[in-house]
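based on what follows, work out the 3D shape:
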Amino acid sequence: MLFLAVFCGFLAEYQLEHTIEHQREKQFMISMVEDLGKDIQLLKGESQSVMEQFNGLDSIVEIINEGTLGKSEVKKMYALQRKFLYPLTLELINRTEIQLKNAGGMRLIRNREVSDSIINYWQLKERFNETKEAINGHRIKAKDLSFILFNNKFYSKERTDFSFGDFIDEPELMTKDLSVLTEFANRVSHTSELLLLNYRQRRLDSLVHAATRLIEVIKKEYHLK
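Here you go, the predicted structure:
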């Protein structure tokens, strides 16, 4: 009788631990779905912002390549480079990711399709961050050249929207050296192409698709609404 009582107690404790782990697993998945939803919103917003940045930078290249650098063109270049030649800073949500990685939570996920999809999404996020940093490196090189071309004294300190009329006096280029302008245009062009092709089309779009698919898989397997 004593053996049977101990054995039943062991089974009850095992079942309780098993139930708790299943509850933790489901809570992790609910949290993951919330994070993915926020990621999708952030990625879509970034995609729109990148298109604005691409168009603005592309306009700088067109002005330089056309070779007409009158007052209106120079003023437009001043506004565009200040407004759009900025670094990429998007950080995706990693709340549940940190918990799963640091607390050994991945062992709780029994469904192979779900765990594989999560790992795939994390790998895509790593590539996204690598691409972001690579583009920022090219942007820094273009920005360094901008300090040779643009004089900050012409920018108004009272406003920060950098509209075409938001200047002190009439802005002038510090140099019209063709080699400097050409190198600047080349670097800006390369940065804008990377933004559109590598960052937006390859990374942002892939992450949105992967996040959407992962939400569908989790909701199906864990019967979430």
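
separation between Ile148 and Arg24?
Noted for Ile148: a distance of 57 Å to Arg24, by CB to CB, to the nearest Å. From N, CA and C alone the C-beta is placed, and that goes for glycine too.

go on, Glu62?
56 Å.

now Lys132
33 Å.

the two: who's more crowded?
Just comparing Lys132 and Arg24: by other CB atoms under 10 Å the higher neighbour count belongs to Lys132, 19 against 14.

surely that one meets Tyr199?
Yes. Between Lys132 and Tyr199 there is a contact at 6.9 Å, judged by CB atoms under 8 Å.

need the residues touching each of those two.
Shared contacts of Lys132 and Tyr199 (CB atoms under 8 Å, 6 or more residues apart in numbering): Leu88.

show the contacting residues for Thr96.
Applying CB under 8 Å, 6+ apart to Thr96 gives the contacts 28, 31-32, 34-35.

tell me which helix or strand it sits in.
In the assignment (DSSP states H and E), Thr96 maps to helix 95-102.

got the buried residues for that helix?
Residues of helix 95-102 classed as buried: 96-97, 99-100 (neighbour count, 16 or more other CB atoms under 10 Å).

and if you look at stretch 200-216?
Residues of stretch 200-216 classed as buried by neighbour count (16+ other CB under 10 Å): 200, 203-204, 207-208, 210-211, 214-215.

with pLDDT, distance to Glu221 and secondary structure as added columns, please give those in TSV.
TSV is the format used below for those (pLDDT from 0 to 100; distance: CB to CB, whole Å; DSSP: H, G, I helix; E, B strand; the rest coil):
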residue	pLDDT	distance to Glu221	secondary structure
Arg200	96	31	helix
Arg203	96	27	helix
Leu204	97	26	helix
Leu207	97	21	helix
Val208	97	21	helix
Ala210	97	16	helix
Ala211	97	16	helix
Leu214	97	11	helix
Ile215	97	11	helix
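
widest-spaced pair of those residues?
Greatest spatial distance in those: Arg200 and Ile215, 21.3 Å, computed using CB to CB.

next secondary structure element downstream of the lowest-mean-pLDDT helix or strand in the chain?
When each helix and strand of the chain is scored by mean pLDDT, DSSP states H and E, helix 2-66 comes last, with a mean of 80. Heading C-terminal from helix 2-66, the first helix or strand you meet, by DSSP H and E, is helix 71-84.

remind me what that following helix packs against, helices and strands.
The contact analysis (3 or more CB pairs under 8 Å, 6 or more residues apart in numbering; DSSP states H and E) places helix 71-84 against helix 2-66.

who's in contact with Glu52?
If you count contacts by CB under 8 Å, 6+ apart, Glu52 has them with Phe84.

and it, how close does it get to Arg200?
Distance from Glu52 to Arg200, by CB to CB: 11 Å.

list the contacts for the most centrally placed residue in the chain?
Central residue of the chain (CA atoms, centre = their mean): Leu90, 4.0 Å from the mean position. Counting by CB under 8 Å, 6+ apart, Leu90 touches 42-43, 46, 132.
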